[in-house]
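# Predicted model and sequence below, questions to follow.
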Amino acid sequence: MVAVVTGAGSGIGKQTAVQLAEDGAKVVLAGRTKSKIDQAADEINEGLGQPAAVSFQADVTKEEDVKSLAQFIQQTFGDLHVLVNNAGTSGKSSIMDMEDSEWDRIQNTNLKSVFLVSKTLGRLMMNGEETTDRAIVNVASLSGHKAGAKIPHYSSSKAAVINFSRSLALEFAPYGIRVNSVSPGFAETPLTEEGLKNKRFEEAIQRNTALSRVGKPEEIARVITFAASKEASYMTGSDLLVDGGWLIT
Ligand SMILES: NC(=O)c1ccc[n+]([C@@H]2O[C@H](COP(=O)([O-])OP(=O)(O)OC[C@H]3O[C@@H](n4cnc5c(N)ncnc54)[C@H](OP(=O)(O)O)[C@@H]3O)[C@@H](O)[C@H]2O)c1
């Protein structure tokens, strides 16, 4: 099995790549910062004691980079079974204070990238042998299900990822490609590191989460790898909320 994870140099993406490799996949770690994806791939290969991971530098907001990634996969493996669109970023601003460029930065990184990568790598997945289960998992967010203070660009991009995934699921089903999204709640990663330094913020998360704690990247990754696996062979067009019970409190 061949898998690609975008934004695989840290956090949830890195843990997803680790678990896919442990489950027997050849994994391409795609990301913007070369040193991060190189190090993550090295760690995976050292941990497994065999070469299962390779890195490929790509900015997923740039079509030429995404096409190069597709070419690399085609030439190296000749096929693709699993795509995890995980790359994403966040920011904080009210609507009235937000510059257009900040709106575009978030929408391009979180939403346009999912369209670009799914379209380009999806073509590769469609051309493969029909015998194996193929899957795309898009990483959305709890914020795609509710409003959040000063993250209108982030929450709208993630709501769109959830619904884009449903459209993609419909369009790709005839090709045997399942598409689902996973919506993490609050997990401890470089993305949330700054916020979690604030004790009051961490306490608020504990108060607002039924399980009274922040999630670990590996707890999110396990749900992503489930959605990507043939254990989930009858699931497409679904969103899996992994939020420690935030939405129910
Ligand atoms: N942590 C949470 O609480 C949480 C909650 C809900 C949803 N999520 C979602 O989970 C996903 C992973 O986030 P994380 O928490 O694991 O944070 P993270 O460690 O910051 O991971 C995000 C990764 O995406 C990469 N990336 C960003 N822009 C990119 C681009 N244009 N091209 C290629 N790679 C790019 C980053 O690499 P560079 O640093 O090299 O740019 C980084 O490695 C994101 O989609 C995020 O929105 C996270």
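Now that the structure is in, tell me what you want to look at.
# pLDDT score assigned to residue 46?
pLDDT recorded at residue 46 is 98.
# List the residues that contact the residue nearest the centre of the chain.
By CA atoms, centre = their mean, the chain has its centre lying nearest to residue 86, at 1.7 Å. Residue 86 makes contact with 5-8, 12-13, 16, 139, 224, according to CB atoms under 8 Å, 6 or more residues apart in numbering. C-beta here means a position set from N, CA and C on the backbone, and glycine is covered the same way.
# switch to 7 Å and redo it
Residues in contact with residue 86, defined by CB atoms under 7 Å, 6 or more residues apart in numbering, are 5-7, 12-13, 16, 139.
# Which of the residues you listed fall in helices?
Those of those mapping onto helices are 12-13, 16, per DSSP state H.
# who wins for neighbours among those residues?
Neighbour counts for these (other CB atoms under 10 Å) peak at residue 16, which has 32 neighbours.
# Select the longest helix from this protein.
Counting by DSSP H, the longest helix found in the chain is helix 152-172.
# Doesn't residue 55 belong to a strand?
Yes. Assessed with DSSP: H, G, I helix; E, B strand; the rest coil, residue 55 lies in a strand.
# partners of it in the sheet?
Per DSSP bridges, the residues bridged to residue 55 are residue 29.
# what about the top strand by length along the chain and the ligand, any contact?
Assignment by DSSP state E gives strand 177-184 as the longest strand of the chain. Yes. For a cut-off given as CB under 6 Å from any ligand atom, strand 177-184 has contacts with the ligand, namely residue 184.
# how big is the angle separating that strand from helix 152-172?
Angle between the axes of strand 177-184 and helix 152-172 is 160 degrees (criterion: axes from the mean of the first three to the mean of the last three CA atoms, to 10 degrees).
# could you give the mean pLDDT of strand 177-184?
98.
# quick one, phi psi at the residue lying farthest from the centre of the chain?
Going by CA atoms, centre = their mean, the residue of the chain most distant from its centre is residue 96, 29.1 Å out. As for residue 96, its main-chain torsions (degrees, to the nearest 10) stand at phi -70, psi -20.
# That one and residue 155, how far apart?
16 Å (CB to CB, to the nearest Å).
# quick one: low-confidence ranges for the protein?
Residue ranges of the chain with pLDDT under 70: 130-131.
# how about 80 then?
For the chain, residues meeting the criterion pLDDT under 80 lie at 128-132.
# where along it do the helices fall?
Going by DSSP H, the chain shows helices at 11-22, 34-48, 63-76, 100-107, 113-126, 152-172, 193-196, 199-208, 217-228.
# Up against the ligand, what does the protein have?
So far as CB under 6 Å from any ligand atom goes, the chain lies against the ligand at 6-7, 9-13, 31-33, 36, 59-61, 86-89, 109, 139, 141, 184, 186-187, 189-192.
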